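Engineer: Quick one, fold the following:
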Amino acid sequence: MFKINKSIIILAATAFTAQVTDTFAQETPPNVIIIITDDQGYGDLGITGNPHVNTPVLDNFARESIRFNQFYVSPVCAPTRSSLMTGRFSLRTGVRDTYNGGAIMAPEEITIAEMLKQEGYRTGIFGKWHLGDNYPSRPGDQGFEESLIHLSGGMGQPGDFTTFFKGDSSYFDPILWYNGEQKSFNGYCSDIFAEEAIAFIEQNHQKPFFCYLSFNAPHTPLQVPQEYYNMYKDIDPSAGFQNDDRPFPTMSEKDKEDARKVYAMVTNIDDNVGKLLRKLEELGIKDNTLVIFMTDNGPQQRRYIAGMRGLKGSVFRGGVRVPFYFRLPALYKGNKDIETAAAHIDVLPTLAELCNAEAPADRPIDGKSLLPLLNDTDPEGFNNRPLFFYWTRRFPELYNNIALQKGSYKLVGNTDYDAEPEDFELFDIEKDEFEQQNINASNNSTASKMKEELDLFIHELSNSPHLQNSPRIIIGSKYENPVFLNRNDAGGARGIWTQEEVFGFWRVRIEKGRYNIRFKFIKPLESNGTMYLESNSLIYQHKNETVPADVIEMKNVYLPESECDLIPHYITGDRNIFPLWIEIKRIQ
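Structural biologist: Alright, predicted model coming up:
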């Protein structure tokens, strides 16, 4: 059991006590469902003012819920998900990017699933994980007893190699990963994830459960059943805002077509959420089931975003402010707005207190329980705490796309590493919610103080042990055999994606043994060459004369115990080709 240590305080983020007061103690702990969508922006709901998207279920759910109207996440997927799962800023967990080997969460992290499982909850994930595709960082290694996921950051991406070659149909009839094994499914991905989540709830509703329904939609590639697209094929997503004084982006024809597809995907999600909510009523567990709906970051494409500045990837509010709706009828009356700033890091401590669970006490927890806000007792503890935002490829950059928000002020850096406080932008987001007026010149002392605090955050987080020594994939373990190393988790050249001639490697820990190894390439190799595998102080080579071929095999390879960068490359003429994935199977 984890023990609470009240002395843990990091920067200005106060630690919490994971104990339930008598007011909230229940004989039956609440079930917990977290529904999160992928790249659905704040404006992609009817209730947030979008006249085009059809979301009756989610709009009604929001009206029944407690609405956190100033809720913040990270600018991109994996960092948000690691903070949601752990209550910690993502850099502490080893997660720093969406690929480039930076989306593997350290296995030492304690997730919501592990915390609730310890209290007797059944735990299941359905959809997107994006925190590591190999042992020991998979959902099943991190507390989820049932898992149905795709790999990497999205279906159809090179890291999700079971759907990658399906191209424009990757969201349909996919091969997914059920409890660590490949399994074929029929239908559209969002329907599959929702149906499997509902089945999990049906099977486990007589005891407390935690269900994490993590839709990969409306992330690209923008694929949706035709019946949903037909609802939007004739609309103009840029129309209807002429008399609105909020900033609105100029939309190209491609932006408009993308918006039509996104809205269709969101409506499909709305229908699936409706099925899940109806199932709670049928099972008689609606009142004692906490349902949270949120999204992971702002929209990837230009469209309505309630006037906010920035898109996915940006630390401006359009990239990091998302809807967050909290419904638990047994304890809280709904249809209430909370305007105090809250964030993804607050979910784990909230669930710890609400579910009478013990949260980890041997590490900093950056979030705070939201129960004081839900009970109108302690807004001051939230109003003065800082929230830290960043995102650049591979690692944080000084001082590029980085921000600190505290109270009504927000300091934003899009400048050089040696910038002075006056080089930053400063906004009063209470008076300027669209972040249009830089007030740094007249508030330089505030900017200076906030930069000092920002520097403390950067120093603390960039020196996190899990960031300094990023997680390794374990090869040869009894828990995963064979191991598939995919491109999402490959380090090396910046932005490894679908390039053929690129340098890459995987950080691994190898258990000594003999292995059969297969190298899969994006395109068939058209000329003879030599396959190389570098492992610490040993290099294995295999001359290949079978062409064309998109798979090369090395059999009965002895690998000694080691921690190393595993570097594969195929050399033919002056070309040096990196495989799409490697399968490594221990045979003895």
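
Engineer: burial of D168, as a residue count?
Structural biologist: Neighbours of D168 under the rule other Cβ atoms under 10 Å: 10. Backbone N, C-alpha and C define where each C-beta goes, glycine included.

Engineer: contacting residues for it?
Structural biologist: Listed by Cβ atoms under 8 Å, 6 or more residues apart in numbering, the contact partners of D168 are P221, Q223.

Engineer: Confirm it sits in a strand?
Structural biologist: No - with DSSP: H, G, I helix; E, B strand; the rest coil as the criterion, D168 is located in helix rather than a strand.

Engineer: Please report how far it lies from D255.
Structural biologist: According to Cβ to Cβ, to the nearest Å, D168 stands 19 Å off from D255.

Engineer: likewise I474?
Structural biologist: Counting by Cβ to Cβ - I474 and D255 are separated by 43 Å.

Engineer: Those two: who's more crowded?
Structural biologist: Applying other Cβ under 10 Å to I474 and D255 shows that I474 carries more neighbours, namely 19 against 16.

Engineer: Look up how far I269 lies from S190.
Structural biologist: With Cβ to Cβ as the criterion, S190 and I269 are 6 Å apart.

Engineer: Quick one: list the elements packing against the longest helix anywhere in the chain.
Structural biologist: Ranked by residue count under DSSP state H, the longest helix found in the chain is helix 253-282. If contacts are counted by 3 or more Cβ pairs under 8 Å, 6 or more residues apart in numbering; DSSP states H and E, helix 253-282 sits against strand 31-37, helix 56-64, helix 189-204, helix 226-229, strand 289-295.

Engineer: thinking again about what came up before, between S190 and I269, which contacts overlap?
Structural biologist: F215, A217.

Engineer: any idea which helix or strand comes after the longest strand anywhere in the chain?
Structural biologist: In the chain, with assignment by DSSP state E, the single longest strand is strand 513-525. Reading on from strand 513-525 to the C-terminus, the next helix or strand found by DSSP states H and E is strand 529-535.

Engineer: Where does Y558 sit: helix, strand or coil?
Structural biologist: strand.

Engineer: is it in a bridge, and if so with what?
Structural biologist: R514 (DSSP bridges).

Engineer: ok, now T572?
Structural biologist: R575.

Engineer: any idea how far it is from D287?
Structural biologist: T572 is 65 Å from D287, by Cβ to Cβ.

Engineer: which of these two has more neighbours?
Structural biologist: Neighbours were counted for T572 and for D287 using other Cβ under 10 Å; T572 has more, 16 against 13.

Engineer: That one and K555: what is the separation?
Structural biologist: 21 Å.

Engineer: Please apply the same query to Y263.
Structural biologist: For Y263 relative to K555 (Cβ to Cβ), the value is 51 Å.

Engineer: Settle it for me: which of the two has more neighbours?
Structural biologist: Counted by other Cβ under 10 Å, Y263 and K555 do not tie: Y263 has more neighbours, with 26 against 12.

Engineer: For F578, see how far away the more buried one is.
Structural biologist: Taking Cβ to Cβ, one finds Y263 at 38 Å from F578.

Engineer: I192 too?
Structural biologist: Distance from I192 to F578, by Cβ to Cβ: 31 Å.

Engineer: Contact partners for W177?
Structural biologist: S147, L148, I149, H150, L151, T162, K183.

Engineer: Quick check: phi and psi at it.
Structural biologist: phi -120, psi 110 (degrees, to the nearest 10).

Engineer: May I have the beta-bridge partners of it?
Structural biologist: Residues in beta-bridge contact with W177 (DSSP bridges): I149, Q182.

Engineer: Just to check, R67 is in contact with D337?
Structural biologist: Yes - in this structure, R67 is within contact of D337 by Cβ atoms under 8 Å, at 5.1 Å.

Engineer: Tell me which of those two has more neighbours.
Structural biologist: Neighbour count, other Cβ under 10 Å: between R67 and D337, R67 has more, with 21 against 9.

Engineer: Which residues lie in contact with the closest residue to K543 other than its chain neighbours in this structure?
Structural biologist: Nearest residue to K543, sequence neighbours excluded (Cβ to Cβ, 6 or more residues apart in numbering): T530, at 5.2 Å. T530 makes contacts with Q541, H542, K543, N544, Y570, I571, T572, as judged by Cβ under 8 Å, 6+ apart.

Engineer: can you count the residues close to the fourth one?
Structural biologist: Applying other Cβ under 10 Å, we find 18 residues neighbouring N544.

Engineer: before we move on, what about the second one?
Structural biologist: Burial of H542 is recorded as 17 neighbouring residues (other Cβ under 10 Å).

Engineer: in its sheet, what does the host helix or strand of it sit against?
Structural biologist: Using DSSP H and E, H542 sits in strand 538-544. Paired with strand 538-544 in the same sheet, following DSSP bridges, are strand 529-535 (antiparallel).
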